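**Q** got a sequence here, can you build the structure:
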Amino acid sequence: MNTLCIVQARMGSTRLPRKGAAAIDGRSMTTHVLRRAGLIRGVDLVILAAPPGIENEELRVDAEMAGAIFWQPQIDEANVLSRYMNAAYVYDAQIVMRLTGDCPLLDPQVSSRVLEQFTQHGAEYASNTHPGVDGLDTEVFTRQALEVAHEQARTPDQREHVTLFMREEMVGDHLHIGAYVEHSGLKLSVDTAVDLAVVRAIYARLERTTEAYPYKTDFKATLAAIEQRRREGVFSQTLSELS
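**A** So this is what the prediction gives:
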């Protein structure tokens, strides 16, 4: 079964404009996400799906650097659900993984586990978001579930938030996978300048590797970097206070 990982990203964030291009330890945030997505077991193809517009064309370079496909259909920016359906149709995906471009500390092992559990249980939809760590978010669903949502979702929220209709309206086996629940509530995604500063500080202390992507990508390495920064006085908060 063809498994497609779609990373949605755009340059037009209102709270942090051009955040996809924000540099984190010498690489753009989008590049970090795509490199980590490429390490997820069981994924056949990684696509960066961007809305139309010249400003979003900049993301093409990030996709090429990370070995991902840049996909920019002429579909309204707010209709993200149709953007996903378009990519799934063109690339004949039977299983779709949804990631977002504001999670530069994504753990490929966690995402792999969500996909594995989804497959083993024969689920229509699976995620690690309830509860979960904000920044490790991974959703997986079938092509059929995506098609139903695409055909029946009507409200602007249901079109913008790809899985909202699946989670609220569709009857089926929705599998919620707890991953690192002990740190549920920890925020590692990037929405604001403060979030970006936190992630940059974490990357500055991430353990290095000799692999093509030179950072440890597991969540334990992220926690170790947070703790080191806390001891250095960069983070005065405890882990729970970072949430």
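
**Q** give me the pLDDT for Ser240.
**A** If you check Ser240, the pLDDT there is 51.

**Q** what does the average pLDDT come to for stretch 141-156?
**A** Stretch 141-156 shows a mean pLDDT of 94 in the predicted model.

**Q** buried ones in that stretch?
**A** With burial defined by 16 or more other C-beta atoms under 10 Å, the residues of stretch 141-156 counted as buried are 141-143, 145-146, 148-150, 153. No exception for glycine: its C-beta is placed from N, CA and C like everyone else's.

**Q** including distance to Asn56 and secondary structure, could the residues you listed go into CSV?
**A** Rendered in CSV, the data for the buried residues of stretch 141-156 read as follows (distance: C-beta to C-beta, whole Å; DSSP: H, G, I helix; E, B strand; the rest coil):
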residue, distance to Asn56, secondary structure
Phe141, 24, strand
Thr142, 28, strand
Arg143, 25, helix
Ala145, 27, helix
Leu146, 22, helix
Val148, 28, helix
Ala149, 23, helix
His150, 22, helix
Ala153, 23, coil
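
**Q** all helices of the protein, in order?
**A** For the chain, applying DSSP state H gives helices covering 29-37, 59-66, 80-90, 108-121, 143-152, 156-160, 164-169, 193-203, 219-231.

**Q** closest to Arg83 among the buried residues of stretch 141-156?
**A** The closest of these to Arg83 turns out to be His150 (C-beta to C-beta; 10.3 Å).

**Q** got a list of what the spatially closest residue to that closest one that is not a sequence neighbour touches?
**A** Here the nearest residue to His150 in space, its sequence neighbours aside, is Met85; by C-beta to C-beta, 6 or more residues apart in numbering that works out to 4.3 Å. Contacts of Met85 were listed using C-beta atoms under 8 Å, 6 or more residues apart in numbering, and they are 146-147, 150.

**Q** could you name the helices and strands sitting against the lowest-mean-pLDDT helix or strand in the chain?
**A** Confidence across the helices and strands of the chain bottoms out at strand 174-176, with a mean of 80, counting by mean pLDDT, DSSP states H and E. Judged by 3 or more C-beta pairs under 8 Å, 6 or more residues apart in numbering; DSSP states H and E, strand 174-176 is in contact with helix 108-121, strand 125-127.
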